[in-house]
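In: Kindly generate the corresponding structure for this input.
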Amino acid sequence: ARGAARRAVLRARRKLPGLLGLLVCLTLLASGTATVSAEEATAAGGVLPAGTKIYLRLETPVSTTKSHLRGEIQARVVRDVPAPSGTEKVVIPVGAVAKGTVEKLIPTSSPTSRARVRLQFKSLELPDGTQVKLAGHLAEVENARETVLADGTIQGLLESELPLTHLETALERLKKTSPQLGGEIQQVSASNLGKSDTSIDLPAGVDLHWVLDEPLETDRVFPLTVSDQLSAGVTAGLDGLLAEAPQRASGKDGKPGDPLNLVLVGSADEVRRAFEAAGWAEAAKLNQKSAWETVRAVIVNRGYKEAPVSQLYLYNRPEDLAFQKMYNTFAERHHLRLWRAPVTTPDGREIWLGAATHDTGWDIRPGEGVASHAIDPAIDDERDKVGADLAVTGNVAALRLATRPNPLSEGLTATGATWHTDGRLLAAELRPR
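Out: Model prediction:
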């Protein structure tokens, strides 16, 4: 299979000259259907220092109720790790595979005990087949209700930390005083909300941050997974748009909201296809059903991947599209809003302006009438997250950071949360269907 994939890459390069041929090769790599050939990886080598972060996507489900101690696990690199020199060469490319075992596995044994699990990745297989020793620890599970300890152990919640547990306790008390009424409500609650569950379940697809404890050295470097050169037509269209476009979305009351930090080029279908492939879900419209699912997600403390988002306005209208990526808690999510711009590229492709932020918890200020998500003020990190997730799908022809006139550097959201940025927007040129 590996030989067939390599031959497919070489055939593509013979048929399509120059940059287009390289993009086809990189697309095959990003989709997992090809390995990097010796012609694409150069034997210059690279060293990553201790403390370097590697972004992984788990491929082996791990659970404190189903997995086994010392069971084998695998994850895949989902962001290029560049050489520290700042060149365009990559030391660990997208598609590299981390392999290891479950080193700690402690299920919940009582309402006062916490489930714990520790993953240890020990080796890294680069796309050209090179094996590299990997020494590090888990630093974060993105958008998880669990916490990660200093040694990389994932620590679960206590039952008392789940909102549903308090509801269950109240219903038990009601059942004692009013057996029939309490029993009926208890049945409704169980059928609609389920039971409290503090086990740790990491499904395939969950995103992990792995930090090197020791330097990692390779004998070769790789090209970028996605080109950083936009086509001439797209560049011309973006330059004209950004010279005149608003810098921020706003609330319905006109109060300035999230700053714009994304520009996408492609049709609505191409945008939806790219985000679906990246594991992002399109947000549902707010109605009775989605409102109930939101309440249920908050009570149970679980994710709701299609949760509606509050409306923000640009060009005097609410967002045209909204996407988000969530794991197992409603408190944390990656999310963004997109508005179709009033102009197109010279060849007629649609342009979308977007605002992406990372919800990291709750911002409750009763005295100010604020009940909303708190955001990570470093919004450039969320911009980079969007670009990285799109890059691995094979649906992106080019990614580049674009500078606009008079860029913003800091400010407040519509609910008063602070943010800061280098003022650049991530421009993503999607592949036409």
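In: Neighbours of the closest residue to Val62 other than its chain neighbours, how many?
Out: Of all residues beyond its chain neighbours, the one nearest Val62 is Leu202 (4.3 Å), with distances taken as CB to CB, 6 or more residues apart in numbering. Heads up, the C-betas are built off the backbone N, CA and C, glycines and all. Leu202 is flanked by 23 other residues according to other CB atoms under 10 Å.
In: Next up, phi/psi of Leu202, please.
Out: Torsion angles at Leu202 (phi, psi; degrees, to the nearest 10) stand at phi -110, psi 100.
In: The residue nearest to Thr418 when sequence neighbours are not counted: neighbouring residues, count only.
Out: Counting by CB to CB, 6+ apart, Pro377 is the residue found nearest to Thr418 once chain neighbours are left out, at 5.0 Å. Other residues lying near Pro377 total 16 when counted by other CB under 10 Å.
In: In contact with the residue nearest to Val62, which residues?
Out: Contacts for Leu202 were tallied using CB atoms under 8 Å, 6 or more residues apart in numbering; they are Leu58, Pro61, Val62, Ser63, Val117, Val141, Ile154.
In: Check the residue nearest to Thr418 and give its pLDDT.
Out: Reading off the confidence values, Pro377 has pLDDT 94.
In: I'd assumed Thr413 was in contact with it.
Out: No - no contact is recorded between Pro377 and Thr413 when judged using CB atoms under 8 Å, the distance being 9.6 Å.
In: What residues does the nearest residue to Leu48 once chain neighbours are set aside make contact with?
Out: Nearest-residue entry for Leu48: Leu216, 4.5 Å, with adjacent residues in sequence omitted and distances by CB to CB, 6+ apart. Under the criterion of CB under 8 Å, 6+ apart, the contact list for Leu216 reads Val47, Leu48, Thr52, Val91, Ile92, Leu124, Val132, Lys133, Leu134, Ala135.
In: What about the last one, how many residues nearby?
Out: Ala135: 14 surrounding residues under other CB under 10 Å.
In: what's the distance between it and Gly152?
Out: Taking CB to CB, to the nearest Å as the measure, Ala135 and Gly152 are separated by 12 Å.
In: list residues touching both of those two?
Out: When contacts are counted by CB under 8 Å, 6+ apart, the set common to Ala135 and Gly152 is empty.
In: Out of the contacts of Leu202, which sit inside helices?
Out: With helices identified by DSSP state H, none of the entries of these belong to them.
In: residue ranges for the helices of the chain, please.
Out: Using DSSP H, the helices of the chain run over 2-15, 18-30, 163-177, 179-193, 232-244, 268-277, 288-300, 379-391.
In: What residues sit buried inside the shortest one?
Out: Of the residues in helix 268-277, those scored as buried under the neighbour-count criterion (16 or more other CB atoms under 10 Å) are Glu270, Val271, Arg273, Ala274, Phe275, Ala277.
In: Return the member of those residues nearest to Phe330.
Out: For Phe330, the nearest member of the buried residues of helix 268-277 is Phe275. The distance, counting by CB to CB, is 19.6 Å.
In: Contacts only, for that closest one.
Out: Phe275 touches Glu282, Phe323, Leu390, counting by CB under 8 Å, 6+ apart.
In: Give me the pLDDT value at the last one.
Out: In this prediction, Leu390 carries a pLDDT score of 97.
In: One more: the second one?
Out: Per-residue confidence (pLDDT) for Phe323: 97.
In: pretty sure it contacts His335?
Out: Yes - counting by CB under 8 Å, Phe323 sits close enough to His335 to count as a contact (6.9 Å).
In: coming back round to it: quick one: pLDDT of the residue nearest to Leu48?
Out: Per-residue pLDDT puts Leu216 at 94.
In: what bits of the stretch 51-200 of the chain have low per-residue confidence?
Out: Low-confidence segments of the stretch 51-200 of the chain, defined by pLDDT under 70: 86-87, 164-168, 171-172, 174-175, 181-194.
In: can you rerun that using 80?
Out: Scanning the stretch 51-200 of the chain for pLDDT under 80 picks out the ranges 85-88, 162-196.
In: show me where it has strands.
Out: Secondary structure of the stretch 51-200 of the chain (DSSP state E, counting those that start in this stretch): strands at 53-58, 62-63, 72-77, 81-82, 90-92, 97-106, 116-125, 131-133, 136-141, 147-148, 153-155.
In: Count the residues that sit near the nearest residue to Asp201 once chain neighbours are set aside.
Out: For Asp201, the nearest residue in space outside its immediate sequence neighbours is Ser63; the separation is 4.7 Å by CB to CB, 6+ apart. Around Ser63 sit 16 other residues, with neighbours defined as other CB under 10 Å.
In: average pLDDT across the longest strand seen in the chain?
Out: Looking only at the chain and at elements set by DSSP state E, the strand with the highest residue count is strand 350-365. Regarding strand 350-365, the rounded mean pLDDT is 90.
In: What strands flank it, and is each parallel or antiparallel?
Out: Next to strand 350-365 in the sheet, as set by DSSP bridges, lie strand 262-265 (antiparallel), strand 332-344 (antiparallel), strand 370-375 (antiparallel).
In: what's the average pLDDT for stretch 393-409?
Out: Averaging pLDDT along stretch 393-409 yields 94.
In: what's in contact with it?
Out: Counting by CB under 8 Å, 6+ apart, stretch 393-409 makes contact with 23, 27-28, 30-31, 226-231, 234, 238, 242-243, 245, 247-248, 259, 263, 270, 273-274, 277-278, 387, 390-391, 420-431, all of which sit outside it.
In: buried ones in it?
Out: In terms of neighbour count (16+ other CB under 10 Å), stretch 393-409 has its buried residues at Thr393, Gly394, Asn395, Val396, Ala397, Ala398, Leu399, Arg400, Leu401, Ala402, Arg404, Leu408.
In: measure the last one to Asp258 for me?
Out: Looking back up the chat, that one is Leu408. 11 Å.
In: Give the intersection of the neighbour lists for the two.
Out: When contacts are counted by CB under 8 Å, 6+ apart, Leu408 and Asp258 are jointly contacted by Arg248.
In: right, and Lys133 touches Glu125 too?
Out: No - taking contacts as CB under 8 Å, Lys133 lies outside contact range of Glu125: 11.3 Å.
In: Between the two, which has more neighbouring residues?
Out: The residue with the greater number of neighbours, taking Lys133 and Glu125 and applying other CB under 10 Å, is Glu125; the counts read 19 against 10.
In: residues touching the residue nearest to the more buried one when sequence neighbours are not counted, list them.
Out: Distances taken as CB to CB, 6+ apart put Val97 closest to Glu125, at 4.6 Å, once the chain neighbours are dropped. With contacts taken as CB under 8 Å, 6+ apart, Val97 has the following neighbours: Gln74, Ala75, Arg76, Val77, Leu124, Glu125.
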